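>>> Pasting the sequence and the predicted model now:
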Amino acid sequence: MILAPDQIEFFHTNGFLMLREITTAQEVEMLQSVYDRLFEVKAGRDAGDHLDLTSVDDGTQPETLPQILNPSKYAPELVNTAFRANALAIAKQLLGPDAEFRGDHAIRKPPQSGAATPWHQDEAYWDPAMEQNEISIWVPLQEATLQNGCMQFVPGTHRQEVLPHHSIGNDPRVIGLEVDNPEALAVYSVACPLPPGGATIHHSRTLHFTGPNRSNTPRRAYILMFGTPPKPRATPRNFYWLAQQKTQWQERRAAAIAKADN
C-alpha cells in the first residue's frame, strides 16, 4: 500500500492520518470473528495480557474498557493478513526502512456502557529512559462514529515532549492514564469517523481520545504498532505517574512472569 506524498506530509505535520481503507471487507469479517472469540474467553487473563483500562480490574466489577495485549499470540491467524502487510508498508514510508512490528492490541467498548478512553499520549506508558519513535495503526471492525467512540486527535502534539499524566480518576489502582488538564487541549480536537476496515495512524506522542460507546453494539478496535529500534536517552525523563501506580494488572503480570521463570 503506497501513500501519496501529501498524505506523508500531512502525517508529519499533524501527527496523525486517516485512511478510508487498509484491508478488505472479507478480512474485516474474519478479524471481527477472531476478535469476538478472544474477548469471549478473556484470552491472556492469567498471563496479564487481558486487562480493563478504566477500572481497578479486580474481577468484581463489570468491565468498561477491556483490552487484550498481544492478541496474535492467542490467535496466530492474525499474523498473515493484508492488514498487517499494508500496515508494515505504511510504517516504513512514515518512519523509514528500519521500522518494524512492535506489537498488537485490541480494545473493546461494550455497548451502552463502554467508557471513554481519556486524552493521553501512548508514550506516557513507556520506559522514560528510552527514545521512542513509534506509530499505532488503529482499525475499527465496524463503523466508527462519534456515538460509539471514533478516534480524535489534537494536531501537532507529536512535536511536543510527553506531557504530565495521571491515573484515570487519580486512582493509582487504575492502569489507564489521562493527560493533566485535558479540557484545555480538547478544544483543538479533530474527530475521525471511519468505515469498517479504514484506519487512523498516529505517532506515539500525538494526543488522542475516544468517547464512550452509546450505541447498541460493541465498538471493536484492533491496533498494530510499529517503530524504529528504541535508543537510550542522554537524559532520562521522570514519568512519576508510572511509579505511583499499583494495579491488579501489574500483580497478575508479575506473577505470570515469575511462574514462567520457574
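Thanks, I have it.

>>> which residues does the residue nearest the centre of the chain contact?
With distances taken as C-alpha atoms, centre = their mean, Ile223 lies nearest the centre of the chain, 5.9 Å away. Neighbour list for Ile223: Asp104, His105, Ala106, Ile107, Ser136, Ile137, Trp138, Val139 [criterion: C-beta atoms under 8 Å, 6 or more residues apart in numbering]. Quick note: C-beta positions are derived from backbone N, CA and C, even for glycine.

>>> what do you get for Gly198?
Contacts for Gly198 (C-beta under 8 Å, 6+ apart) come out as Met18, Leu19, Arg20, Glu21, Ile22, Val139, Pro140, Ala144.

>>> And the helices in this protein?
Assigned by DSSP state H, the helices in the chain fall at 5-14, 25-40, 71-74, 82-95, 183-186, 240-244, 248-261.

>>> Which of those sits closest to Thr217?
When the helices of the chain are compared by C-beta to C-beta, helix 25-40 sits nearest Thr217, at 10.9 Å.

>>> all strands for the stretch 151-262 of the chain, in order.
Under the criterion DSSP state E, counting those that start in this stretch, the stretch 151-262 of the chain contains strands at 151-153, 165-167, 177-179, 190-192, 199-203, 208-210, 219-227, 231-232.

>>> most packed of the ones you listed?
Of all those, strand 199-203 has the most neighbours on average by mean count of other C-beta atoms under 10 Å, namely a mean of 26.

>>> what's the closest of the contacts of Gly198 to Tyr74?
Ranked by distance to Tyr74 (C-beta to C-beta), those are led by Val139 at 18.1 Å.

>>> Bridging across strands, which residues link to that closest one?
For Val139, the beta-bridge partners under DSSP bridges are Tyr222.

>>> Which stretch among the strands of the stretch 151-262 of the chain approaches Asp36 most closely?
Shortest distance between Asp36 and the strands of the stretch 151-262 of the chain, using C-beta to C-beta, is found for strand 219-227: 7.7 Å.

>>> ok, back up a step: if I average pLDDT within each of the helices of the chain, which one is lowest?
Per-stretch mean pLDDT for the helices of the chain is lowest at helix 183-186 (a mean of 84).

>>> Tell me the one of the contacts of Gly198 nearest Lys259?
The closest of these to Lys259 turns out to be Val139 (C-beta to C-beta; 33.0 Å).

>>> Was I right to think the closest one contacts Thr23?
Yes: the pair Val139 / Thr23 is scored as a contact, 7.1 Å apart, by C-beta atoms under 8 Å.

>>> how about stretch 107-117: buried residues?
Ile107, Arg108, Lys109, Pro110, Gly114, Ala115, Ala116, Thr117 (16 or more other C-beta atoms under 10 Å).

>>> can you tell me which of these are in strands?
In strands, judged by DSSP state E, the following of those are found: Ile107, Arg108, Lys109, Thr117.

>>> Which pLDDT value goes with the second one?
With respect to pLDDT, Arg108 has a value of 97.

>>> try the last one
On pLDDT, Thr117 comes in at 96.

>>> got the contact list for Gly103?
Gly103 makes contact with Leu69, Asn70, Leu224, Met225, according to C-beta under 8 Å, 6+ apart.

>>> Gly169 is in contact with Leu177, correct?
No: with contacts counted by C-beta under 8 Å, Leu177 stays clear of Gly169, the gap being 11.0 Å.

>>> need the strands of the stretch 151-262 of the chain in CSV with distance to Leu3, can you?
Output for the strands of the stretch 151-262 of the chain, formatted as CSV (distance: least, C-beta to C-beta, whole Å):
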stretch, distance to Leu3
strand 151-153, 17
strand 165-167, 31
strand 177-179, 29
strand 190-192, 16
strand 199-203, 9
strand 208-210, 20
strand 219-227, 14
strand 231-232, 26
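
>>> Flag the shaky bits of this protein, pLDDT-wise.
Applying pLDDT under 70 to the chain picks out no residues at all.
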